[in-house]
Structure formats: structure tokens, C-alpha cells
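> show me the folded form of this:
(2 chains)
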Amino acid sequence: MERTLVKDALNATAPMDAIFLQGWVRTRRDAKAFSFLEVNDGSSLRGIQVIADAGLPDYAHIQRAHTGASIEVRGKLVASKGQGQQWEVVAESFVVLGEADATYPLQKKGHTLEFLREIAHLRPRSNLFGAVFRVRSRLAFAIHEFFQRRNFIYVHTPIITASDCEGAGELFRVTTLDSSHPPMTEQGDVDFKKDFFGKRAYLTVSGQLEAETFACALSNVYTFGPTFRAENSNTSRHAAEFWMIEPEMAFCELEGNMALAEEFVKHLIRDAREHCTADLEFFSKFVDKELLTRLDFVLERPFQRCSYTDAIAILEQSGRKWEHPVQWGDNMQSEHERFLAEEHFKCPVTVYNYPRTLKPFYMRVNDDGKTVRAMDLLVPGIGEIIGGSQREERLEVLREAMAQHQLSEKEYWWYLDLRRYGSVPHAGFGLGFERMLMFVTGVGNIRDVIPFARTPGAAEF
RNA sequence: UGCCCGGUAGCUCAGUGGCAGAGCAGGUGACUGUUAAUCACUUGGUCGCUGGUUCAAUCCCAGCCCGGGCAGCCA
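Numbering: from 1, shown residues only, chains lettered A, B, ... in the order given. Here you go, the predicted model:
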């Protein structure tokens, strides 16, 4: 007999004379004449209730079905006589495939997120993490759907790279050299010419530069893959390995870039609202009471836009005492970004046209010569979720910017070629997938929206 | 990396310079269709590690390890 997923059994429209379920026991309640089991197979937040009569030939097995055990049940799907569920399964035969003894760490009662992180191999069996990773899967799908519908081409940019996408952060080195006895040059330096790639190589911090090359051929492209930062960041919003979505559009300027970013964020929220209803309701009940209200509010309202210069004026005139001073030309600090999104605009806000000195070399210089066409999308509760810009398409201006950043034109020869041959205005951005998940689920720590988090000092599993 | 908070039973936590505590989980029994079932009884401890102060340290002090929060870096 074919297996029925719990999700489908719960959504049944009629009783079934024969049903075959496989899953894990969440809880068992015994009475004298029968036992109730809640069985979950990960297909939905809810489990299904199984009732097993003490007269069953297999009833002895049921005593071995503790919380965490894997089981198979054959029986009938019937309308439940009890409150709290529409359907239940009356067991006719019952097999415990894998027992879970008293050392099974997941209990029916609540656990702290910190404890569950230490058992990251088991935490998907909990309600919260089952829900988080179902939403993660759904949003990954929604990302492809959003871009494919708009005729964006999916590009797989390399994970190992020799370019460092200047400004994006510290890099992890990729090498096959023997760290205790590396080959040396005559000058006494490590000889990377003898390394696997014949030069220094790293894990990518961004696929942007490579995506630009494809945008300047296929018009609209996007990447979606893992990226790596070797920053010693210890916050709830940073991980050493995370997934990023990076669209890049030819024949597009800052305005179109901001519009796409805003539509994109709304699309993902709308998709989760529609396709992960039960999971989002669970988060709203147990993780963040304001979640659904906030998501719906964000869907309804247009995002705000505000130039960096105006943002600085708002901060200066706020009457607030800032821990970090507010001054045109300085980076906005967390407290400033939070104030804008959470208190001043009270909704997601796109800040654009940042001072040139704060941003990487590749951003399009404005006519004022002082600012570049950069944009950051700030959301309440998290801060920066998207960073992007229109790219500098003018060869001479780009070369000048590289000189100012002391970058070698030799290293970026292929990037400069894009401006030598058929250059066009183009723009793109990066969305941190995990930060988006934090926003959609209300989960407050990035470690809890990644299956196996990689943070400084932590690479278990 | 800096500042701050924490580490006591499998889990969540209370507690004290002088015999180590509760709830849940586990075990045994009861039970009428239960919903984190309920009721009774019950097993369970290197009080993070090392050193110091003390007659005596889980408690006070120092160092270290681990976890978390915030900040910086950014997505």
C-alpha cells in the first residue's frame, strides 16, 4: 500500500478504509483499553492522532513507541470522536521501526533555542524547526518563481574565486598547500604559484562581478547560492556561510533596481503568507506575537524611499541622543537604521545615494561627484536586508575609482572589458536569504534559520 | 574583536559558606476518548574546568573553557 503523508491525511475530504502512515511519535497517552499517539512526518506542522486498541495483536509494540520512535501504522482514517481534530487513524497493525529510549533529547515540553542548536541533527523534528525549514524550502522555490516569471536567467557563479569583490569582507582561503611546509619563493614568501589554482583562491563573498558579466549578455540574470565571510562577527544576524540572492539587470538604473528589490521582498512575504499559513500562524503564536500584523502591514503599504542626505537630516532633527554621532559622510550605525525603519517610517525603507567614500569602487558616481547610486533596504527588527547599486558603466570613471581604491587593473581586466565592449547602464542587489527568513518567520537568530549554522568557532555537524 | 550576562539532574530552572531542590522527561501502578492528558509512588547530580581563600566552597576570588546578548564588519 502506498504511504499517505500526514498532511494529506489531515486534509482528507472523506474517510478511508485503508491508510498507511510512516512517521515519528511526538507523544503517547495511554489509557487502560487503548493508546493515543500523535504521529508527525514533517509534511505539516500538525501531526495526526492514531488510536490503538489494547486488543490489537501488535499492542505490545506500542509500549516501545516512546516520543521520538519511528513507526508504521496501517488502519482506517475515520472522523475523530474526540475534540481537537477532524480525522484520526484507527490502527489495525503497528510496527516500531526504530525505538527512541529515555536518552532522546527532544521532549514534549519546550526547549531553549540554545539547547536545540546543540542538537542541530535532531531539531528539525521539533515544531519550530520543522516549520522554519518548510518555510525556507518554500521561499527558495518562490525566489526562482519570481525571477523565472520575469525572464531572469539563473546563473551559477563560482564558489571558488580569485577575485575578492573588494569591500564585501574577509575571505576564507582555499588551498591545497601543506600549511606546515608550504613551498617558498626565493624571497621567502609562500609560493602560491605552486598552489592548486596557481594563484591565491578564496571562497566567494559575492557573485556580483561574475553576474555582471552575464547580465551584459543575457540582460536579466540572478544568482542564488552560498557565500562566505571570514569576519569574526558574533551577532544574531551574521553567519560565516549564508545564502544570497543577487539579481543583476542590464539597461537598468537605480530606480528600476529599487523597484525590483521592493517587489521582490513583497513577493516573498506574500508567497509565505499564502503557502505556509499554518507555519506562520505558529510563529505568530510562539515566536513573535506581532509577526502576522507586521507582515500584512508591509504587504499593504508602499515601501518608503529616502536619500542618504535626507536620512541624515531626519536623524539630526530627531532630537535623539545617539551613541554614535550623526554626520554626513559617516556610515549609518545600527541604532540609526533601526530608528528609520522602526520609529520614523515604521515600515521598510530604502536609503539611496550614499557618500562615495563609504562604498566600493564599482558603484555609479552621481553628477554631484560626492555620492554614488547605492541603495540599502532596511526592515524593522533586522536592519539591512538588501544592499545594492547601479554599477559604474563608464570605463574612465571606473578606472579612476579603482585607482582611488588602490586596485590593480590587471586583476580586474575582465571586469573592465565589460565597459570596453558594449557597456550599458546596469544595476543589481544582494538579498541575504537568512535575513529574509528571519523577517518572515520572526525568528531572532540567524543560527536558527540555517540547517547547520557556521559561525566563528562553530562548525559541528 | 570589545563590553555585558549566564553555566546546578536528560530538559527548564530555583537555591545555599555547613546532608543538593522543584516541574517536566524516564520507571512502576491507577485511569471512563486523551489533546504538553491526569493522579500516586519512584530512579536520577564531578553544582563547566583548574587553582586559591577557608575548619569547611556548588556558593567567595583568579584564570581558563563553553553558551548567549549588544556593538563593530555586512547580507
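> identify the residues contacting the one residue in the stretch 51-200 of chain A that gets nearest to RNA strand B.
Residue of the stretch 51-200 of chain A nearest RNA strand B, by CB to the nearest atom of the strand: A:Gly82 (2.2 Å). For glycine as for every other residue, the C-beta is placed from the backbone atoms N, C-alpha and C. For A:Gly82, the contact set (CB atoms under 8 Å, 6 or more residues apart in numbering) comprises A:Gln49, A:Glu88.
> what residues does the stretch 201-350 of chain A have near RNA strand B?
Contact residues, the stretch 201-350 of chain A versus RNA strand B (CB under 7 Å from any atom of the strand): A:206, A:229, A:231-240, A:242, A:244, A:324, A:331, A:333-335, A:338.
> only whichever of the residues you listed are buried, select them in ChimeraX.
In ChimeraX, a selection of the buried entries from those looks like this (16 or more other CB atoms under 10 Å):
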select /A:206,229,237,238,239,240,242,244,333,338
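> among the residues of the stretch 201-350 of chain A next to RNA strand B, which are in strands?
In strands, defined here by DSSP state E, the members of these are A:Phe242, A:Met244.
> in the sheet, who's paired with A:Tyr354?
According to DSSP bridges, the partner residues bridging A:Tyr354 are A:Val372.
> wait, doesn't it sit right on A:Cys306?
No: here A:Tyr354 does not reach A:Cys306: they are 11.6 Å apart, not a contact under CB atoms under 8 Å.
> more crowded one of those two?
A:Tyr354 (25 against 19; other CB atoms under 10 Å).
> measure the more buried one to RNA strand B for me?
11 Å (CB to the nearest atom of the strand, to the nearest Å).
> so what's that residue up against?
Contacts of A:Tyr354 by CB under 8 Å, 6+ apart are A:Tyr308, A:Thr371, A:Val372, A:Ala374, A:Asp376.
> which of the residues you listed sit farthest apart?
Greatest spacing in the contacts of A:Tyr354, by CB to CB: A:Thr371 and A:Asp376 (13.4 Å).
> can you show me the helices along chain A?
A:6-10, A:59-62, A:113-118, A:127-149, A:208-218, A:254-275, A:277-286, A:291-300, A:308-316, A:334-338, A:395-404, A:413-420, A:433-441 (DSSP state H).
> what's the burial count for the residue nearest to A:Leu122 when sequence neighbours are not counted?
Closest residue to A:Leu122 in three dimensions, ignoring its sequence neighbours and counting by CB to CB, 6 or more residues apart in numbering: A:Leu106, at 5.9 Å. By the criterion of other CB under 10 Å, A:Leu106 has 18 neighbours.
> A:Leu106 touches A:Pro124, doesn't it?
No: with contact defined as CB under 8 Å, A:Leu106 does not reach A:Pro124; the gap is 10.3 Å.
> follow-up on the earlier one: roughly how far does the residue of the stretch 51-200 of chain A closest to RNA strand B sit from A:Ser206?
54 Å (CB to CB, to the nearest Å).
> try A:Ala31
A:Ala31 sits 59 Å away from A:Ser206, going by CB to CB.
> shaky segments in the stretch 101-250 of chain A?
A:164-168 (pLDDT under 70).
> ok, and what's touching stretch A:387-402?
A:212, A:252-254, A:257, A:261, A:359, A:361-365, A:372-377, A:408-409, A:412, A:416, A:419-420, A:423-430.
> repeat that with 6 Å
Defining contact as CB atoms under 6 Å, 6 or more residues apart in numbering, one finds that stretch A:387-402 is touched by A:253-254, A:257, A:361-365, A:373-376, A:419, A:423, A:425-430.
> try stretch A:116-130
A:Gly42, A:Pro105, A:Leu106, A:Phe133, A:Arg447, A:Phe452, A:Phe461.
> and it, what's buried?
Under 16+ other CB under 10 Å, the buried positions of stretch A:116-130 are A:Leu116, A:Arg117, A:Ala120, A:Arg123, A:Pro124, A:Arg125, A:Ser126, A:Asn127, A:Leu128, A:Phe129, A:Gly130.
> again with stretch A:152-163
A:Phe152, A:Val155, A:Thr157, A:Thr161, A:Ser163.
> make a markdown table out of the residues you listed and add distance to A:Arg294.
A markdown table is the format used below for those (distance: CB to CB, whole Å):
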| residue | distance to A:Arg294 |
| --- | --- |
| A:Phe152 | 28 |
| A:Val155 | 33 |
| A:Thr157 | 33 |
| A:Thr161 | 37 |
| A:Ser163 | 38 |
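> coming back round to it: could you flag which of the contacts of stretch A:387-402 are buried?
A:254, A:257, A:361-365, A:373-376, A:419, A:423, A:425-430.
> can you name the farthest residue from the center of chain A?
Most distant from the centre of chain A: A:Gly55, at 49.2 Å, with distances by CA atoms, centre = their mean.
> check what pLDDT it gets.
Looking at A:Gly55, its pLDDT is 85.
> what of A:Gln63?
So A:Gln63 comes in at 78 (pLDDT).
> count of residues packed around it?
A:Gln63 has 11 nearby residues by other CB under 10 Å.
> same deal with the one 10 residues further on?
Using other CB under 10 Å, A:Val73 is surrounded by 23 other residues.
> check the one 4 residues further on too.
By the measure other CB under 10 Å, the count of residues near A:Leu77 is 21.
> do the same with A:Ile245
For A:Ile245, the neighbour count with other CB under 10 Å is 24.
> ditto for A:Gly98
Every residue meeting other CB under 10 Å relative to A:Gly98 is counted, giving 9.
> A:Thr277 too?
Counted with other CB under 10 Å, A:Thr277 comes out at 12.
> so what's it up against?
So A:Thr277 contacts nothing (CB under 6 Å, 6+ apart).
> ok, it to A:Pro451 distance?
According to CB to CB, A:Thr277 and A:Pro451 sit 23 Å apart.
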